[in-house]
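Participant: below is the sequence, then the predicted model.
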Amino acid sequence: MRLAEFIRTHRNEILQIWEQDAEEIIPYEYRLTRVEVRDHVDQILLKIAGEVEKRQADVQRVIHIDDTPSGNDIPAQLHGVERHDLGIDIVDVATEFSAMRTAVVQLWTRDSAPTNPLDLNDLMRFHKEVDRALAESIDQYARRKERQGRLFETMLSSLPDPCYILSLEGRFIYANDAMANMCGLPPDDVIGRMFCELPLPANYNGREQLCEVIHRKTQREGEVEISTPAGEKRCFEYVYVPALDDNEEVEAVSGIAHDVTSRKASEAESWQHANFDILTNVPNRRLFRDRLEQHAAHSLRTGDPFALLFIDLDRFKEINDRLGHDAGDDLLKEVATRISACVRQSDTVARIGGDEFTVILLDTGNMDLIENIAGAILEELTKPFQLGDEEVTISGSIGVTLFPEDATTPQQLLSNADQAMYYAKYSGRNQIFLYTDVAQRSRTDRQLMISELRAAPTSDQLRLYYQPIIDLTDGRIAKAEVLLRWQHPRRGLLLPADFLGLAEETGIMCSLENWVFAQAALSTDQWSALAGDEAFQITINTSPLQFMHGNSKPWEPHLETFAKSGTEIAVELTENVFLHDSKNLSSRFAELQDAGIQLALDDFGTGYSSLAYLKRFDVNYLKIDQSFVRGSGISNSSGQTIAETIIVMAHKLGLKVVAEGVETAEQRDWLVAAGCDYGQGFYFSKPLPADAFSQLLGNGYVTH
């Protein structure tokens, strides 16, 4: 059997032998499957068989080897291309062909040894075609390799980022155009030079980085600022990476750098905007708080004191309104400049908002020095400011406090400085106030106010005001809320928020509530007469703390008076009464019910109530918090929805609803449409002294 026919007939056996040999050389991990590789070699084998058969056709020819290429070695060429692209070494490619040659010769000589000239001619031709296919394959492999090199060279050369390869001694093996331009040299002049010979910063070209990469076999990153040949400062991030050989030893070091100048500038600008006031260019509130916390931590650790000045400009708003915001901005810029000129470079001047500035004076607890600096600032602020064609004068009020003498936290220190500044402002402006003086004055003021509040019930300083509560179905005055006021001899008429907290803290609340119930009882005959045949009720606020923990029952001595006059009484408690012990709550509410006193739950919807509480403790009225009523309608649809839900829920439970904070006809009409029972607010009437309320109640209705 001729060789070409033998190859076609025994292809499977040949490929099986080849596969066994090649598997040791080329593991099947290069993206091609075992079947794909086998088919690929099969095509090359058939092509070689075809070339051998061409020579068998002319049996009359003298044995002769034709060295002319066939011109159609596509399978072998493709083999070389694919093997390159799959990353297979060129030596392994040659070994594949050797395995193919061995498999064919082994099988053919095993079945019948070639003895006649034609068989020998076929065998020689076979070897020649295998060599030719191998040559074609290697040629295409090399071309592919060369093409890949050109592509990588083109890519690296055209990259804007400097790329290079260094020998273990630090000599350039390769440098792209960007790297050469950084050095101010042509690329060919860079090759062969030591890194340290080029005009590059020491922290970029030093041996230390290279040695670390080589010995540790790890990459090294860094950042460097370089002066370009044009004299421009550029910032680069760079990375060194070890290039390892087959033995996992470092044979070279590759490097690449990336220009981050623009990014750094952008980051610096963002940081500047985040931490500095755009208008005055001094630190803003954020940076001020950061530095304040750092200095406080340092002071607590070392004991080194520092001072905080809080500066507020006097009558700035007048100038801003008269001359306009641009002039106001110019004034603030100049103020920042003048304040900064009065302090040391290590100190911090910040604008924390509006016309408020702060100064952190470091490493000093010397009050003489601090007051001298604060005095210099005040003096600078009183000098005239030229704003366009206008010359204006202002002043400043400064509060001063020390850390850690006056405070143990940054927030407390800032609060102290703020308090001292307000004392300075309200004591006549254009002056300095120390927090130590504020604290002393505050203690004295508190003690005085406690003494005055204790005496208020017997000194004819307390007043009761009455605010009507309107039946929304007919506009009739159906109820009135009793409100306490303190006619202070020096501070004028004070609202409950100004003194009830102090009364709670000092135990004065009990005597105040006793006075309120006693005075309200004195007027019941008058209210009953004015209300006529219509039922009338007064509601009196009671402290939840006093209600739960006090032993007194301020209403008890006056129950008979209320009953004889026919005037009903209701006690108002806020929702947070339910935060207290529920067992004690039950007994206290039972006392109200036994006394015939109704219960109104004030500020409903703001926190703590639940349906279970409302049913369990027999609440009679819910007073919707004014935050759900004020601005109702288009501007506060969510508040309106909550209020309407409360109304429906209360009616389902058999409760009446009072809406507080009614200020407009629109709100009244909406509440009427929602089915609310009662309304209270300035739209109907503000709280009135007893005489004025008597006149209003005599009319019976509030008309609008």
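Facilitator: The structure has been received and is ready for your questions.
Participant: and for the closest residue to I311 other than its chain neighbours, the neighbour number?
Facilitator: The spatial neighbour of I311 that comes closest, neighbours along the chain excluded (Cβ to Cβ, 6 or more residues apart in numbering), is F357 at 4.4 Å. The way it works is simple: take the backbone N, C-alpha and C, and place the C-beta from them, glycine included. Using other Cβ atoms under 10 Å, F357 has 27 neighbouring residues.
Participant: confirm F357 sits in a strand?
Facilitator: Yes - checked against DSSP: H, G, I helix; E, B strand; the rest coil, F357 lies within a strand.
Participant: list the contacts of it.
Facilitator: By Cβ atoms under 8 Å, 6 or more residues apart in numbering, the contact set of F357 is V282, I311, D312, V335, A336, I339, V349, A350, R351.
Participant: kindly recompute the last result at 10 Å.
Facilitator: By Cβ atoms under 10 Å, 6 or more residues apart in numbering, F357 lies in contact with 277, 280, 282, 288, 309-313, 332, 335-336, 339-340, 349-351, 377, 396, 398.
Participant: ok, now Q695?
Facilitator: Counting by Cβ under 10 Å, 6+ apart, Q695 has contacts L530, L688.
Participant: starting from K686, give me the distance back to it.
Facilitator: 14 Å (Cβ to Cβ, to the nearest Å).
Participant: repeat that for V662.
Facilitator: V662 is 12 Å from K686, by Cβ to Cβ.
Participant: show me how to select, in ChimeraX, the buried members of the contacts of F357.
Facilitator: A single ChimeraX command is used to select the members of the contacts of F357 judged buried by 16 or more other Cβ atoms under 10 Å:
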select :277,280,282,288,309,310,311,312,313,332,335,336,339,340,349,350,351,377,396,398
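Participant: filter the contacts of F357 down to the ones in helices?
Facilitator: Cross-referencing these against helices under DSSP state H gives F288, L332, V335, A336, I339, S340, I377.
Participant: quick one: secondary structure of G596?
Facilitator: Per three-state DSSP, G596 ends up coil.
Participant: ok, now the one 4 residues further on?
Facilitator: Classification of A600 by three-state DSSP places it in strand.
Participant: how close does the closest residue to it other than its chain neighbours sit to F306?
Facilitator: Take A600 and drop its neighbours on the chain: the residue closest to it by Cβ to Cβ, 6+ apart is Y621, 4.0 Å away. Per Cβ to Cβ, Y621 is found 56 Å from F306.
Participant: what of I191?
Facilitator: 59 Å.
Participant: neighbour-wise, which of the two wins?
Facilitator: A direct count of neighbours by other Cβ under 10 Å for I191 and F306 places F306 higher, at 22 against 16.
Participant: wait, doesn't that one sit right on H298?
Facilitator: Yes - counting by Cβ atoms under 10 Å, H298 is a contact partner of F306 at 8.5 Å.
Participant: quick check: neighbours shared by the two?
Facilitator: Here F306 and H298 have L362, D363 as joint contacts, going by Cβ under 10 Å, 6+ apart.
Participant: where do the helices sit along the stretch 51-200 of the chain?
Facilitator: Counting by DSSP state H, counting those that start in this stretch, the segments of the stretch 51-200 of the chain that form helices are 74-85, 90-111, 117-158, 177-183, 187-190.
Participant: and the ones you listed, which one's lowest on average pLDDT?
Facilitator: When the helices of the stretch 51-200 of the chain are ranked by mean pLDDT, helix 74-85 comes last with a mean of 64.
Participant: return the set of residues that bridge with the closest residue in space to T382 that isn't next to it in sequence.
Facilitator: By the measure of Cβ to Cβ, 6+ apart, the closest residue to T382 outside its immediate chain neighbours is S395, 5.5 Å from it. Note on S395: beta-bridge partners by DSSP bridges are D314.
Participant: any idea how far S395 is from D312?
Facilitator: Distance, S395 to D312, by Cβ to Cβ: 10 Å.
Participant: show me whatever sits in contact with both of these two.
Facilitator: K425, R429.
Participant: so the residue nearest the centre of the chain versus R285, what's the distance?
Facilitator: Centre of the chain computed as the mean C-alpha position; nearest residue by Cα atoms, centre = their mean is A274, 12.9 Å away. Per Cβ to Cβ, A274 is found 11 Å from R285.
Participant: circling back: which one of the ones in helices among the contacts of F357 is nearest to Y422?
Facilitator: When the ones in helices among the contacts of F357 are compared for distance to Y422 (Cβ to Cβ), I377 wins out at 17.4 Å.
Participant: name the nearest residue to the closest one, sequence neighbours excluded.
Facilitator: C342 (4.9 Å).
Participant: circling back to that earlier point, now tabulate the helices of the stretch 51-200 of the chain in TSV and tack on mean neighbour count and distance to L559.
Facilitator: What follows is these, written out as TSV (neighbours: other Cβ atoms under 10 Å; distance: least, Cβ to Cβ, whole Å):
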stretch	mean neighbour count	distance to L559
helix 74-85	20	103
helix 90-111	17	109
helix 117-158	16	98
helix 177-183	21	96
helix 187-190	16	105
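Participant: how about the ones you listed in a markdown table, adding distance to D389?
Facilitator: Below are the helices of the stretch 51-200 of the chain laid out as a markdown table (distance: least, Cβ to Cβ, whole Å):
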| stretch | distance to D389 |
| --- | --- |
| helix 74-85 | 79 |
| helix 90-111 | 87 |
| helix 117-158 | 60 |
| helix 177-183 | 54 |
| helix 187-190 | 64 |
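Participant: any idea which helix or strand in the protein has the lowest mean pLDDT?
Facilitator: The weakest-scoring helix or strand in the chain, judged by mean pLDDT, DSSP states H and E, is helix 202-205 (a mean of 58).
Participant: next helix or strand past it?
Facilitator: Elements were assigned by DSSP states H and E; along the chain past helix 202-205, the next helix or strand is helix 207-216.
Participant: flag every buried residue along that next one.
Facilitator: Buried residues in helix 207-216, counting neighbours by 16+ other Cβ under 10 Å, are found at Q209, L210, V213, I214.
Participant: distance of the closest residue to D189 other than its chain neighbours relative to V260?
Facilitator: Using Cβ to Cβ, 6+ apart and skipping residues adjacent in sequence, the residue nearest D189 is A180, 7.5 Å away. Distance, A180 to V260, using Cβ to Cβ: 20 Å.
Participant: residues of stretch 560-571 that come out buried?
Facilitator: Neighbour-count burial for stretch 560-571, with 16+ other Cβ under 10 Å as criterion, is recorded at T561, F562, S565, T567, E568, I569, A570, V571.
Participant: run through the strands of the stretch 351-500 of the chain in chain order.
Facilitator: Here the stretch 351-500 of the chain has its strands, by DSSP state E, counting those that start in this stretch, at 356-361, 385-387, 390-392, 395-403, 432-434, 462-471, 476-488, 492-494.
Participant: what is the fourth one packed up against?
Facilitator: Pointing back at strand 395-403 there. helix 285-302, strand 306-314, helix 325-341, strand 356-361, helix 367-382, helix 410-426, strand 432-434, helix 435-455 (3 or more Cβ pairs under 10 Å, 6 or more residues apart in numbering; DSSP states H and E).
Participant: buried stuff in that strand?
Facilitator: G396, S397, I398, G399, V400, T401, L402, F403.
Participant: the last one pairs with what?
Facilitator: Beta-bridge pairing of F403 under DSSP bridges involves F306.
Participant: am I right that it is in contact with L413?
Facilitator: Yes - using Cβ under 10 Å, F403 makes contact with L413 at a distance of 5.1 Å.
Participant: got any residues that touch both of the two?
Facilitator: With Cβ under 10 Å, 6+ apart as the test, F403 and L413 both reach L292, H295, A296, S299, F306, A307, L308, I360.
Participant: and the first one, how close does it get to T302?
Facilitator: L292 sits 16 Å away from T302 when distances are taken as Cβ to Cβ.
Participant: neighbour-wise, which of the two wins?
Facilitator: L292 (22 against 9).
Participant: tell me which of the helices of the stretch 51-200 of the chain sits nearest to L387.
Facilitator: Going by Cβ to Cβ, the one of the helices of the stretch 51-200 of the chain nearest L387 is helix 177-183, 50.5 Å.
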